[in-house]
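Trainee: I need the structure of the sequence given here:
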Amino acid sequence: MVYFSQPKRCELLGNYIVEQGATVRETARYFGVSKSTVHKDVTQELQWVNRRLYEQVCIVLQKNKDERHLRGGEATRRKYHSQKEQSGENHFLFTKNT
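Mentor: Numbers count the residues shown, from 1 in each chain. Next up is the predicted model:
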C-alpha cells in the first residue's frame, strides 16, 4: 500500500468496507496491510476523522459478524463435500432421522 497519513488511510479503508461490504480480512488483503491495522483504523481512529463514515462501517462490520457463523458453516460443508468426492464415497454425511 502506498503510504497515506493515518486519517486518509482510515477513510480509504472505511470507504472500501462500506462500498464493497468487505470484511476486515478482505480489506487487509486488498490493501496489503494487517488485519489489526484495518480493525484499529476503522473501529478506533475513524470515529475521530469521519463520524458518519464510522457509523456506516460499524453497520457493515456488525452485519459481517452476524453472518460469520454462516460463512464458517458453508466452508465446513464445502470441505467435507470435497473430501467425500476425492475418496469416492457415495453416502450422505448427514442423515435425517424420520
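Trainee: if I look at the residue positioned nearest the centre of the chain, how far off is residue 57?
Mentor: The centroid of the chain falls nearest to residue 23 when counting by CA atoms, centre = their mean (2.2 Å). According to CB to CB, to the nearest Å, residue 23 stands 12 Å off from residue 57. Where C-beta positions appear, they are placed from N, C-alpha and C, glycine not excepted.
Trainee: Output stretch 43-59 in PDB, but only the C-alpha positions, please.
Mentor: These are the backbone C-alpha positions of stretch 43-59, laid out as PDB (Å, rounded to 0.1, in the frame of the first residue of the first chain):
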ATOM      1  CA  THR A  43     -13.000   1.000  14.900                       C
ATOM      2  CA  GLN A  44     -10.900   3.400  16.900                       C
ATOM      3  CA  GLU A  45      -9.400   6.100  14.700                       C
ATOM      4  CA  LEU A  46     -12.100   6.600  12.100                       C
ATOM      5  CA  GLN A  47     -14.600   7.900  14.600                       C
ATOM      6  CA  TRP A  48     -12.500  11.000  15.100                       C
ATOM      7  CA  VAL A  49     -11.800  11.500  11.400                       C
ATOM      8  CA  ASN A  50     -15.200  11.000   9.900                       C
ATOM      9  CA  ARG A  51     -18.000  10.100  12.300                       C
ATOM     10  CA  ARG A  52     -20.600   9.500   9.500                       C
ATOM     11  CA  LEU A  53     -18.400   7.000   7.700                       C
ATOM     12  CA  TYR A  54     -17.500   5.400  11.000                       C
ATOM     13  CA  GLU A  55     -21.200   4.700  11.700                       C
ATOM     14  CA  GLN A  56     -21.600   3.200   8.200                       C
ATOM     15  CA  VAL A  57     -18.600   1.000   8.800                       C
ATOM     16  CA  CYS A  58     -20.000  -0.200  12.100                       C
ATOM     17  CA  ILE A  59     -23.200  -1.300  10.400                       C
END
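Trainee: and the gap between the residue nearest to the centre of the chain and residue 12?
Mentor: From residue 23 to residue 12 the distance is 16 Å (CB to CB).
Trainee: Test for you: state the pLDDT assigned to the nearest residue to residue 58 once chain neighbours are set aside.
Mentor: Leaving aside its chain neighbours, residue 58 sits nearest to residue 43 (7.8 Å; criterion: CB to CB, 6 or more residues apart in numbering). For residue 43, the pLDDT comes out at 93.
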